[in-house]
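Visitor: coordinates for the following, if possible.
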Amino acid sequence: MHKVVGVLINEKGNTYFFSCNQLDLKKDMNVIVETEKGLQYGKVVVNPYDVEEKDLGFPLKNVIRIATKEDDKEYYKNKEDAKQALEKARNISNQLSLNMRIIDANYTFDRGQLLFNFLADARVDFREFAKKLAQIYRTRIELRQIGVRDKAKEIGGIGPCGRFLCCSTFLTDFNSVSINMAKNQMLALNPTKINGVCGRLLCCLNYEDEIYTEMKKDFPTIGQAYKNADIEGKVISLNLLKRTITIETKNKTLVEVEI
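Guide: Next up, the predicted model:
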């Protein structure tokens, strides 16, 4: 058995799982963890639980220690230094006339790497840009091009529902969303209604798609012929929530029938 714990590396990032390394960990503790990019500061968001070795699938990195007050200070210093690095990087980008918009900057806890996320409409040759940054900050520089959904996640905002964006509050992964989901839920295919602030299809189209698919199994399809003891015609609309269908009879009368 391995004792595993879920750790959030940054406030809007993904939850990653680590070996507890015989530490007595609890939810909401701040910890220092070992990652492929070096040491990182994180917060326990999933309490420790036991996993059999055969179910792990891949070796887990370790939680190195519970964060100390000194670690907390170092973490917040890194955040402040990253803000300054972001401003400096934006200035250099403008000087080099690069067609890119730098969204954020983050140091790893051990300052072994400085990561910049940026938006760009096309491929950007940032070799000179990275070289200048490396000369200033004397650490490994990583530049990562992100999409508009990632931008919305980083910046945040209010969705058409009036709530804070799902991606910037609780979603950790971007699942695929297709126009077929909107069709399956019989939504008007109006971009202003089914697109989020990022301009892509609403992530929440995923939430109810499965139940709509399940509910439709009890219903005829639109255009299908319908006949019972009293009514004969064709199905012209469905109301899954009310569990009714609308029938157009041969004399063009509309009749609502319960399923």
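Visitor: which stretches of the stretch 151-259 of the chain form strands?
Guide: Using DSSP state E, counting those that start in this stretch, the strands assigned to the stretch 151-259 of the chain run over residues 225-227, 232-239, 244-249, 254-258.
Visitor: buried set for the longest one?
Guide: Residues of strand 232-239 classed as buried: 233-235, 238 (neighbour count, 16 or more other C-beta atoms under 10 Å). Where you see a C-beta, it was placed from the backbone N, CA and C, and this is true even at glycine.
Visitor: check the shortest one too.
Guide: Neighbour counts over strand 225-227 (16+ other C-beta under 10 Å) mark Y226 as buried.
Visitor: re earlier: quick one: which of the strands of the stretch 151-259 of the chain is nearest A182?
Guide: Nearest to A182, of all the strands of the stretch 151-259 of the chain, is strand 232-239, at 15.2 Å by C-beta to C-beta.
Visitor: CA-only coordinates of that closest one in PDB, if you can.
Guide: Output of strand 232-239 as PDB, limited to C-alpha atoms (Å, rounded to 0.1, in the frame of the first residue of the first chain):
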ATOM      1  CA  GLU A 232     -52.400  10.500 -35.300                       C
ATOM      2  CA  GLY A 233     -49.700  12.800 -36.800                       C
ATOM      3  CA  LYS A 234     -46.000  13.500 -36.600                       C
ATOM      4  CA  VAL A 235     -43.700  14.700 -33.800                       C
ATOM      5  CA  ILE A 236     -42.600  18.300 -34.200                       C
ATOM      6  CA  SER A 237     -41.000  19.000 -30.900                       C
ATOM      7  CA  LEU A 238     -39.900  17.500 -27.600                       C
ATOM      8  CA  ASN A 239     -39.900  18.800 -24.000                       C
END
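Visitor: just use 35 as the starting number from now, easier for me
Guide: Taking 35 as the first residue, the last one we looked at is strand 266-273.
Visitor: what mean pLDDT does it have?
Guide: Mean pLDDT, computed over strand 266-273, is 92.
Visitor: so that strand versus strand 288-292, what angle?
Guide: 70 degrees (axes from the mean of the first three to the mean of the last three C-alpha atoms, to 10 degrees).
Visitor: show me what strand 266-273 is packed against.
Guide: The contact analysis (3 or more C-beta pairs under 8 Å, 6 or more residues apart in numbering; DSSP states H and E) places strand 266-273 against strand 259-261, strand 278-283.
Visitor: nearest to G76, of those?
Guide: Ranking those by proximity to G76 (C-beta to C-beta) places strand 278-283 first, at 50.6 Å.
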